[in-house]
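Enquirer: Predicted model and sequence follow; I will ask about them next.
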Amino acid sequence: MSDSVANAAAPRIGVAITTVGRWDELRGLLDGLASQSRPPHAVAIAHHDAAAEDDLAALVGEFSDKLAIMTVVSPRGISNGRNAAAGMFGDDVDWLWFPNDTSRIDPDFLERIAPHLTPDAVVCAVQLVDREGPRNTLPPPGTPLNRRNVWGPIEPATLFRRREFLQAGGFDPAIGSGAGTPWQAGEGTDLLLRMSEQDGFSIAWVDDIAVRAQTEFAHLTAKERRRKIRCYGRGTGYLYRRWNYPAWQRFRHVVGAALMPLRNSDKFQLQDGMALAVGRAEGIFGRVVPGDQDNRAIVR
């Protein structure tokens, strides 16, 4: 009998967090985990600055009576951090959740999600919302994953069965925010496409449970938001190239970006749409327009 079947009634969830030293934000997330009606089995935190270990240790100490927390130093990049944090868990963990340090959850989040982590499921996708509304569109329950709806799950609002996550090789360190490449987004989508090739893959779509997030762009300056939009667009465009999406879908992906200010004028301005279209085109062609050679989506 597999671990997943043995623990079907009580799936053991490991929370894998990566942070760049935003201690106040991380404290808020840990407080939310410590307040869960059903606590996580374990928590692992990856950070990128060995010199900040004392600061992190002090923060972890505040929750030592409520949470089992491990820490690890990882190379920069969100995919490196998530992989390093996930690697801290052993076979006593069945499922992995990768919230951002800015993610927030209701006190019964883990209790409500547990019944959806069945032996038949490999991935569980919930809603991600911010003050502007839902961030992702999820299909009806029971819908198989395909190359169109695979863009619905977003990492902080998705849980992965640990065994299949490891079999797929985890997140690709060359993709995602902070990676040493221009492809600054799409690491979760790439992982899902790889996992979907495994025998027995299935996904649970759960649109009545939500993870709350910081806004995507509204909290940034105009220059910062357009940089982030373009860099993230590069990442998604690159996946259309990597996974051999047909030419008409690649074209629609770029044109759709340019039309975003018309489709969602409350969120996207005209220059935002142009930045997104340029970024997606760069990813699809696999080449970045000469200029700023700093690939980071956010420079602070």
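Expert: Arrived safely, thanks for sending.
Enquirer: element containing residue 75?
Expert: Assigned by DSSP states H and E, residue 75 falls within no helix or strand.
Enquirer: Next, the contact list for it, please.
Expert: 48, 84, 173 (Cβ atoms under 8 Å, 6 or more residues apart in numbering). From N, CA and C alone the C-beta is placed, and that goes for glycine too.
Enquirer: Which residue ranges of this structure form strands?
Expert: Assigned by DSSP state E, the strands in the chain fall at 13-19, 42-47, 69-73, 95-97, 123-130, 133-134, 158-161, 203-212.
Enquirer: quick one: contacts of the longest one?
Expert: In this case it means strand 203-212. 99, 103-105, 109, 112-113, 116-118, 121-130, 138-145, 152-153, 156-157, 192.
Enquirer: Any of those residues buried? List them.
Expert: Among the contacts of strand 203-212, those that count as buried by neighbour count (16 or more other Cβ atoms under 10 Å) are 99, 103-105, 109, 112-113, 116-117, 121-128, 130, 138-139, 145, 152-153, 156-157, 192.
Enquirer: coming back round to it: is it possible to get JSON lines of the strands of the chain that adds mean pLDDT?
Expert: What follows is the strands of the chain, written out as JSON lines (pLDDT from 0 to 100):
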{"stretch": "strand 13-19", "mean pLDDT": "97"}
{"stretch": "strand 42-47", "mean pLDDT": "98"}
{"stretch": "strand 69-73", "mean pLDDT": "97"}
{"stretch": "strand 95-97", "mean pLDDT": "98"}
{"stretch": "strand 123-130", "mean pLDDT": "97"}
{"stretch": "strand 133-134", "mean pLDDT": "88"}
{"stretch": "strand 158-161", "mean pLDDT": "98"}
{"stretch": "strand 203-212", "mean pLDDT": "98"}
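Enquirer: Which one, of the ones you listed, ends up nearest to residue 226?
Expert: Closest to residue 226 of those, according to Cβ to Cβ: strand 123-130, at 18.7 Å.
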